[in-house]
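In: following is a predicted model, sequence given first.
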Amino acid sequence: MTTDPTASNDTSPLDLRCVNTLRTLAIDAVEQAQSGHPGTPMGAAPIAYTLWQRFLRFDPQDTTWPDRDRFVLSGGHASALLYGLLHLCGVRDAAGAEAVSMDDLQRFRQLGSHCTGHPEHGVTAGVETTTGPLGQGIATSVGQAIAQAWLAATYNRPDHRLFDHRIYALCGDGDLMEGLSAEAASLAGHLQLAHLCWLYDCNRISIEGSTTITFTEDVGARFTAQGWQVLHVADANDLGALTRALQTFVDTTDRPTLIIVQSTIGYGAPHKADTKEAHGEPLGAEEVRLTKRFYGVDPDATFAVPEGVRAHLAAQFGQRGVQAHGAWTQRFAAYRARYPKLAVQLDQMQHRTLPPGWEADWPTFAADAHGLATRDASGQVLNAIAARVPWLIGGAADLGPSTKTRLGDHAGDFEPPGGGGGAGDYRGRNLHFGVREHAMCAISNGLALSGLRPFAASFLVFSDYGRGAIRLSAMMGQPVLYLWTHDSIAMGEDGPTHQPVEQLASLRALPGMVVLRPADANEVVEAWRVAMQCTDRPVSLVLSRQALPTLDRSRYGSARGVARGAYVLADPSDGRAPDVLLIGTGSEVALCLAAFEQLSAEGIAARVVSMPSWDLFEAQSADYRDRVLPPELLARVAVEAASPLGWERHVGSDGVVIGMTGFGHSAPGAVVQAACGFDVAHVVAAAHEQLLWHPGLAARTA
């Protein structure tokens, strides 16, 4: 793609008027809210304006067409800059209303405004991803660039080029200080993602002052070493130099590009420019007046949009996007006629629907006392689904063999053409993230935002490394599939550094995250069935390393109960009402069943409940929940090799939880489990104790 940025690359009076309008709208929004960050919008406005006005292909009437260019404001504290662009460019939401109205701008950071403190995907049309925690935006953009490369390689045909969009991310010093940026940039450079451009607004100021106290590395050399093209613009106000740098990026076909732009935070403010005071607080009324005088605008006008600004943006940014979208729509119509099956796949991706027959050819698992690890069962189901859902794509943080997440060889590896020993192919669906858990999770968000169905895998204990991105998956309602294996102290010899304890409680605490810890291979099948149908939220499948018995479903409850979060697995065989409840998840369900058998032999009526998902269970009707966990049945024992935090909601104040209050041990898994109280004797003893604590129940036992 080439660009003709109209007459000249130099700044015209109308260009300057647009840039200054972006600046003053940001100043006024922050001043009125008495909250926010004016400095970066003032310094970076020329960068954003040049990109949007002269390069970005984005239809303001349709913010979701698949081949639009993506713009990510990674430094989300500078949100007022993005909101000014969305307002001035006339961007509309799906209902045709303004994405950002003047009323929204005037109620910046207030309840109900589309101008939230940091950009939020799904709240404001035109916001491509939620940003706030620094580094997340640029890392997510790598996922969007991977998606672009995969879509182009998979669906483009020589006579029909459907996917050619570019991904731009505006970042700052803080983004590049975060370790996440190094993870993401390293992988992007290795993958030679030529459609990815990071614009580094280098203003050398952070909240504590000049970056000379913390950040003095040669950023350009760092990115060059990571395989990026590095370009420099000495002055952010030089629209001609910015245009030339962006055009160089567009013309580059073999690597991602970093454009380092030197800017002045708070540009134009006579007393606060180039100071930390411009970073995160209003300028103050008098400084605002002086700054507006510097820009040559009315110092007493607020939220002013001078004549010609909207029309100028519409004539270039708007018209280019409308024309590009129209041309793409025609190409897609011709593509649909020529390749109807591929077009249907793209429709399904766009609307997050599953193809007919997606549940066909799944493995079945017969009862087996030895059984298999739930990670192994999951690997089988994953591959069966991948054979039917071509846009299921993902991998592990260098743990594919351990997490059992490699797709069959027919799926291929996502590597740059000529890479991987000469066999690289962007059509590959196995992503190799390397030892980069945080980048893996953020990249998965970018893949999901682009319509793909991503999965990301690691050991459960390492979910902590990706927590910032996992949290954003939940905030945005993105259907990322997280596969966490080695789920308990039973992994054994690697010791407490690798044995998760608090991670289950932490994942359950995330609003919008569905956590599923299946008890056997057949619960794994049902967990995957649930997970694939969750299209508006992420799912964490928590899986064992050790083999778990495959339960005899002719004797115990159907694994279909997984869809309801918890279900009755076993009840007294003689039809008596249960005296005590045994509730377990994952590997501890088999332990509960073994205790159930011993209690039954003693004449004690017990019920075993498998509870793979608190989230799903709590979404059921009160009637169903009461049938599974009868309110009158107070004698309760929960068993889970993890922190007991939260279990009181299911066992009550008098119930007992056999859980982890320490960090485990370094020893064989069975030894660690016994040492921590996860054996039949402890569960049976806890049940007896519960019967003694609740008067009347002991008398009912034989």
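Out: Happy to help now that I have it. Numbering: from 1, shown residues only.
In: what ranges do the helices span in the stretch 551-700 of the chain?
Out: For the stretch 551-700 of the chain, helices defined by DSSP state H, counting those that start in this stretch occupy the ranges 588-601, 614-618, 622-628, 648-651, 669-675, 680-693, 697-700.
In: revised request: answer the last question for the stretch 51-200 of the chain.
Out: Counting by DSSP H, counting those that start in this stretch, the helices of the stretch 51-200 of the chain are 79-88, 102-106, 136-155, 173-177, 179-191.
In: I'd like these written out as TSV, with distance to Asp10 added.
Out: C-beta: built from backbone N, CA, C; applies to glycine. Below are those laid out as TSV (distance: least, CB to CB, whole Å):
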stretch	distance to Asp10
helix 79-88	21
helix 102-106	30
helix 136-155	29
helix 173-177	28
helix 179-191	32
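In: out of these, flag the one nearest Ala327.
Out: helix 136-155 (16.4 Å; CB to CB).
In: which helices and strands does that closest one pack with?
Out: strand 70-73, strand 167-172, helix 179-191, strand 196-202, helix 340-351, helix 437-449, helix 467-476 (3 or more CB pairs under 8 Å, 6 or more residues apart in numbering; DSSP states H and E).
In: quick one, that helix and strand 196-202 angle?
Out: 160 degrees (axes from the mean of the first three to the mean of the last three CA atoms, to 10 degrees).
In: so for helix 136-155, mean pLDDT?
Out: The pLDDT scores in helix 136-155 average 98.
In: pLDDT-wise, which helix or strand of the protein ranks last?
Out: Least confident helix or strand, the chain: helix 697-700 with a mean of 43, by mean pLDDT, DSSP states H and E.
In: quick check: which of the helices of the stretch 51-200 of the chain is nearest to Ser113?
Out: That would be helix 102-106 among these, by CB to CB, at 4.8 Å.
In: for the closest residue to Met177 other than its chain neighbours, what is the enclosing helix or strand?
Out: Closest residue in space to Met177, ignoring its immediate chain neighbours: Phe215 at 5.5 Å, by CB to CB, 6 or more residues apart in numbering. Phe215 is located outside every helix and strand, with elements delineated by DSSP states H and E.
In: quick one on the thing from earlier: any idea which of the helices of the stretch 51-200 of the chain gets closest to Met349?
Out: Comparing the helices of the stretch 51-200 of the chain under CB to CB, the one sitting nearest is helix 136-155, at 8.7 Å.
In: okay, now Val480: neighbour count?
Out: 29 (other CB atoms under 10 Å).
In: ugh, wrong one, Val542
Out: 29.
In: thinking it is in contact with Trp484, fair?
Out: Yes: assessed by CB atoms under 8 Å, Val542 is found in contact with Trp484 at 5.0 Å.
In: quick one: low-confidence parts of this structure?
Out: For the chain, the stretches with pLDDT under 70 are 1-9, 419-423, 695-702.
In: circling back: so which of the helices of the stretch 51-200 of the chain is nearest Gln478?
Out: helix 136-155 (9.8 Å).
In: on that earlier part again, common neighbours of Val542 and Trp484, please.
Out: Common neighbours of Val542 and Trp484, using CB atoms under 8 Å, 6 or more residues apart in numbering, are Leu460.
In: before we move on, the earlier item: dump the helices and strands packed on helix 136-155 to a markdown table, plus mean neighbour count and distance to Asp159.
Out: Formatted as a markdown table, the helices and strands packed on helix 136-155 follow (neighbours: other CB atoms under 10 Å; distance: least, CB to CB, whole Å):
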| stretch | mean neighbour count | distance to Asp159 |
| --- | --- | --- |
| strand 70-73 | 26 | 26 |
| strand 167-172 | 27 | 25 |
| helix 179-191 | 23 | 27 |
| strand 196-202 | 28 | 26 |
| helix 340-351 | 14 | 13 |
| helix 437-449 | 29 | 27 |
| helix 467-476 | 22 | 36 |
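In: tell me the secondary structure for Pro454?
Out: strand (DSSP: H, G, I helix; E, B strand; the rest coil).
In: look up how far Gly209 lies from the residue nearest to Met177.
Out: In this view, Phe215 and Gly209 are 11 Å apart by CB to CB, to the nearest Å.
In: one more: Pro363?
Out: 59 Å.
In: before we move on, what about Gly179?
Out: With CB to CB as the criterion, Gly179 and Gly209 are 21 Å apart.
In: ditto for Ala448
Out: Ala448 is 38 Å from Gly209, by CB to CB.
In: ditto for Ala509
Out: 35 Å.
In: which one's more surrounded, the two?
Out: A direct count of neighbours by other CB under 10 Å for Ala509 and Gly209 places Gly209 higher, at 14 against 11.
In: neighbours of Gly122, how many?
Out: If you count neighbours by other CB under 10 Å, Gly122 ends up with 13.
In: repeat for the one 3 residues further on
Out: When neighbours are counted by other CB under 10 Å, Ala125 registers 21.
In: for Ile47, which residues are in contact?
Out: Leu170, Leu199, Asp201, Ala236, Leu242, Val261, Ser263.
In: tell me how far the first one lies from Pro479.
Out: What that stands for is Leu170. 27 Å.
In: and the fifth one, by the same measure?
Out: Between Leu242 and Pro479 the distance, using CB to CB, works out to 37 Å.
In: Pro133 reaches Gly468, doesn't it?
Out: Yes: between Pro133 and Gly468 there is a contact at 5.0 Å, judged by CB under 8 Å.
In: ok, how many other residues are close to the residue nearest to Gln690 when sequence neighbours are not counted?
Out: Closest residue to Gln690 in three dimensions, ignoring its sequence neighbours and counting by CB to CB, 6+ apart: Ala635, at 3.8 Å. Ala635 sits with 27 neighbouring residues when counted by other CB under 10 Å.
In: again, but for Thr131
Out: Using other CB under 10 Å as the criterion, the residues surrounding Thr131 number 31.
In: pretty sure it contacts Gly76?
Out: Yes: using CB under 8 Å, Thr131 is in contact with Gly76, at 3.6 Å.
In: no further queries at this time; thank you.
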